[in-house]
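Enquirer: Give me the fold of what follows.
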Amino acid sequence: MEVTMVISQTVNAVFVPSLRTKRQSPKASLRKQQKVTSSEFCVLLQSCIEHRSLKKGRELHTLIREAGLERNRDLFPKLLKLYCTCGRVDYARELFDRIPERNLDTITWTAMISGYVGSGASNHALTLFVEMFGLGLEPDSYSFSALLKASADLSLHRLSTCLHSLIVKFGYGSGLSVGNALIHAYSSFGDVCSAQKLFSRMPDRDIVSWSSMIQACTLAKFFAESRTLFSKMQFEEHVKPNEITLVSLLPSCSFFSSLGKGQSVHAYAIRHGFDSNLIVCSALIAMYSRCGDPEAAFKVFNRLKKINIIVWTSMMEGFSINGRFQLVLELFKLMQDQGLKPNSITLIVILSACSHGGLIDEGMRIFEGMQEKFGIVPSTEHHACVVDMLGRGGRLKDAQFFIEKMKIPPTGCVLGSLLGACQVHRNVSLGERLANQLFRLEPYNESNYVILSNIYASVGRWDDVGRVRRLMALKGLTKPIGCSWIELKDKVHVFGAHDRSHPESQRIYGKLEDLSQMIVKAGYVPSTKYIFLDVEEDDKKRLLCSHSERLAIAFGLLKAPPNVPIRIAKNLRVCGDCHDAIKLISKVVARRFIVRDTSRFHHFSQGSCSCGDYW
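Expert: This is a model prediction of the structure:
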């Protein structure tokens, strides 16, 4: 029954009889007005909470107060929860403060603490807990669950461990809800070890426990462990996964481009009726996109009848990272035609697509009109996208002028975007100025030092390269080691540059030699400008041929079934020479290669790449 109808009936039940019996004695009238019991008010309040109906809830509150039940032990916490759920935590606190402290019990304090946590005011929740504790009230399992969430929200790792000690002291260590809250708290800090210990010792585990542990492993990039947990919960513990479990698991199917595993999770979602759930579908779209299969992602998207802004954004991002930039803009227009307005994240996705696709004019129009058209004030991230867009297009002066005219101070993200463009376009003077700014702003961000070193190396200033590297060593910074990996038959094979540690190294290098001869005949000329080492030209050519992505591709050609696209991933940006080489390899061996680097996918086929050589 709808809340409106229920409350209307309540009003009639309480007030109409009293109006009809004005001549009755006060006692008789009072008896008539007390037809609605506290338990019935509880049901009605719960309905208002579930429907987030503030107006009807306030009407009920009036009835409860006039019935003399406002301070009822069962009703008072629900009134607090009603206001907090409806976004009026100030009303809840006003009500809470009207009751003398001595008359408040743990349940009431916990309701107010939980309300603060749910409203995003975790700092107030902790302050209230200190007051409660100071009055000598003992927290219960619900108090600790709320406090653990507050500590996670505020990134207070030490507080979580202190709360854990209190939980054990007060005897709630074996409680299911508290155990789940502890797993969530530890995982939010990346402390998977503590979460695993806690999980293994829990006497009882439910779907929340399993989903939280899977999410903890996924967030910490322990993807194999999260997939193992998913299998174990079904086949050993006989716990049925829900939509939260699937959303927690799906990112683990993206990291190694594990398309087959992602497809099996999708099949599970279909079999159990989760394929129309917007949260699950958004995760599926992200998974397929991050496995380099935007077509499959779009099939999931296209089957949905009702699509929210999150799903639209997920699909546009999927097209963007796979080089389908025009489709991103078409989808953006279609979304607006259907009456949906983008949010801040949507516009970051759109501007990033324009940047990587070289669509500078379109991107600038969107940026300049975003406040007037969509009511969104450009953030630092939006400005960084524009700087990146102009820098990639070689318009370094325009990018510099844009930064100078910004209404907000430029951050490392903004300046770093232009510094990266200086490396691409070999602008040493501007690169030096930006790097020095960034060294002051982000003294321990190693990527800024590496980019400046590469800029110097690209023009042969080896003394300056050495100076920057000594500065890095002085600060304890190291250059990230590039590696590529490929997953075949549930096993991940990792390769470093010039790596000979693989058991089949001899065959891999033999295949590389064959490929090198084939692409040279097809017109390949090594571009040694991508070797940032002071070595002879012939040595540079030799080093290019054994970059990690080429080793992974050679291994894939040796082991992967014929006619199957070979998917590899790299932890750094694909170098320009390897990009040219892989294009030619795709042509001479008639094979598709899908290569994921730090920010996007390159789909190589028949001698061309989806990025259009602009990335």
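Enquirer: Please pull up the helix or strand immediately following the helix-or-strand element of the chain with minimal mean pLDDT.
Expert: Across the helices and strands of the chain, mean confidence by mean pLDDT, DSSP states H and E is lowest for helix 26-33: a mean of 42. Tracing the chain past helix 26-33, the next element assigned as helix or strand by DSSP states H and E is helix 38-51.
Enquirer: contact partners of that next one?
Expert: Judged by Cβ atoms under 8 Å, 6 or more residues apart in numbering, the contacts made with helix 38-51 from elsewhere in the structure are 3, 6-7, 10, 53-54, 56-57, 60, 63-64, 67, 69, 72, 74-75, 78-79, 81-82, 85. Just so you know, the C-beta spots here come from the backbone N, C-alpha and C atoms, and that holds for glycine as well.
Enquirer: tell me how far it is from the chain's mean position?
Expert: Its chain's average C-alpha position is 35 Å from that of helix 38-51, according to Cα atoms, centre = their mean, to the nearest Å.
Enquirer: residues of it that come out buried?
Expert: Along helix 38-51, these residues count as buried under the neighbour rule (16 or more other Cβ atoms under 10 Å): Phe41, Cys42, Leu44, Leu45, Ser47, Cys48, Ile49.
Enquirer: So the fifth one versus Pro77, what's the distance?
Expert: Put plainly, it is Ser47. Counting by Cβ to Cβ, to the nearest Å, the separation of Ser47 from Pro77 is 16 Å.
Enquirer: any weak-confidence spans in the stretch 51-200 of the chain?
Expert: Screening the stretch 51-200 of the chain residue by residue with the criterion pLDDT under 70, one finds the ranges 101-103.
Enquirer: swap in the stretch 251-400 of the chain?
Expert: Low-confidence segments of the stretch 251-400 of the chain, defined by pLDDT under 70, are located at 255-257.
Enquirer: Please pull up the helix or strand immediately following the helix or strand containing Ala353.
Expert: Using DSSP H and E, the element containing Ala353 is helix 344-356. Per DSSP H and E, helix 344-356 leads on to helix 360-374 as the next helix or strand towards the C-terminus.
Enquirer: residue contacts, the residue lying closest to Asn242 once chain neighbours are set aside?
Expert: In this structure, Asn242 finds its nearest non-sequential neighbour in Ile207, 5.6 Å apart by Cβ to Cβ, 6 or more residues apart in numbering. When contacts are counted by Cβ under 8 Å, 6+ apart, Ile207 is found next to Val239, Lys240, Pro241, Asn242, Ile244, Thr245.
Enquirer: Just the buried residues from the contacts of helix 38-51, in PyMOL please.
Expert: The buried subset of the contacts of helix 38-51, as determined by 16+ other Cβ under 10 Å, is captured in PyMOL by this line:
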select buried, resi 3+6+7+10+53+54+56+57+60+63+64+67+69+72+75+78+79+81+82+85
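Enquirer: all strands of this structure, in order?
Expert: Assignment of strands within the chain using DSSP state E yields the ranges 483-488, 491-496, 566-570, 593-596, 601-605, 608-609.
Enquirer: Outline the domain layout of this structure.
Expert: Listed domain ranges for the chain are 1-99, 483-609 (source: automatic domain parsing).
Enquirer: Please identify the deepest-packed of these.
Expert: Between these, domain 483-609 has the highest mean count of neighbours, a mean of 18, where neighbours are mean count of other Cβ atoms under 10 Å.
Enquirer: Confirm for me that Met213 is in contact with Leu229.
Expert: Yes - taking Cβ atoms under 8 Å as the contact criterion, Met213 and Leu229 are neighbours in contact, 5.9 Å apart.
Enquirer: returning to that earlier point: can you redo the contacts of Ile207 as JSON lines with pLDDT and distance to Arg500?
Expert: Putting those into JSON lines (pLDDT from 0 to 100; distance: Cβ to Cβ, whole Å) gives the following:
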{"residue": "Val239", "pLDDT": "90", "distance to Arg500": "45"}
{"residue": "Lys240", "pLDDT": "92", "distance to Arg500": "47"}
{"residue": "Pro241", "pLDDT": "93", "distance to Arg500": "42"}
{"residue": "Asn242", "pLDDT": "93", "distance to Arg500": "47"}
{"residue": "Ile244", "pLDDT": "93", "distance to Arg500": "44"}
{"residue": "Thr245", "pLDDT": "95", "distance to Arg500": "41"}
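Enquirer: Columns neighbour count on top of those residues, output as CSV?
Expert: Formatted as CSV, those follow (neighbours: other Cβ atoms under 10 Å):
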residue, neighbour count
Val239, 17
Lys240, 10
Pro241, 21
Asn242, 16
Ile244, 17
Thr245, 26
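Enquirer: Of those residues, which is the nearest to Met364?
Expert: The shortest distance between Met364 and any of these, using Cβ to Cβ, involves Ile244 and amounts to 40.4 Å.
Enquirer: which parts of stretch 442-453 are buried?
Expert: Residues of stretch 442-453 classed as buried: Glu442, Ser447, Asn448, Tyr449, Val450, Ile451, Leu452, Ser453 (neighbour count, 16+ other Cβ under 10 Å).
Enquirer: got the contact list for the closest residue in space to Cys354 that isn't next to it in sequence?
Expert: Excluding the flanking residues, the one nearest Cys354 by Cβ to Cβ, 6+ apart is Gly363, at 3.0 Å. Under the criterion of Cβ under 8 Å, 6+ apart, the contact partners of Gly363 comprise Ile350, Leu351, Cys354, Ser355, Cys385, Val386, Met389.
Enquirer: Please report how far the nearest residue to the fifth one once chain neighbours are set aside lies from Gln423.
Expert: Nearest in space to Cys385, with sequence neighbours left out and distances taken as Cβ to Cβ, 6+ apart, is Leu351 at 3.6 Å. Between Leu351 and Gln423 the distance is 21 Å, computed by Cβ to Cβ.
Enquirer: Compare those two and say which one has the larger neighbour count.
Expert: More crowded of Leu351 and Gln423, by other Cβ atoms under 10 Å: Leu351, with 27 against 20.
Enquirer: Pull the contacting residues for the more buried one.
Expert: Going by Cβ under 8 Å, 6+ apart, Leu351 touches Gly363, Ile366, Phe367, His382, Cys385, Val386, Met389.
Enquirer: ok, now with 10 Å
Expert: By Cβ atoms under 10 Å, 6 or more residues apart in numbering, the contact list for Leu351 reads 320, 359, 362-364, 366-367, 370, 378, 381-386, 388-389.
Enquirer: For the buried ones among those, write the corresponding ChimeraX selection.
Expert: The command below creates a ChimeraX selection of those among the contacts of Leu351 that count as buried (16+ other Cβ under 10 Å):
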select :320,359,362,363,364,366,367,370,378,381,382,383,384,385,386,388,389
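Enquirer: Give me the pLDDT value at Leu544.
Expert: Model confidence at Leu544, expressed as pLDDT, equals 63.
Enquirer: likewise the one 4 residues further on?
Expert: Per-residue pLDDT puts Ser548 at 91.
Enquirer: I figured Leu334 hits Asn302, correct?
Expert: No - under the criterion of Cβ atoms under 10 Å, Leu334 is not in contact with Asn302, lying 11.5 Å apart.
Enquirer: quick one: the helices in the stretch 101-250 of the chain?
Expert: Defined through DSSP state H, counting those that start in this stretch, the helices belonging to the stretch 101-250 of the chain, from first to last, are 106-118, 122-134, 141-153, 157-169, 176-188, 192-201, 207-219, 223-235, 243-249.
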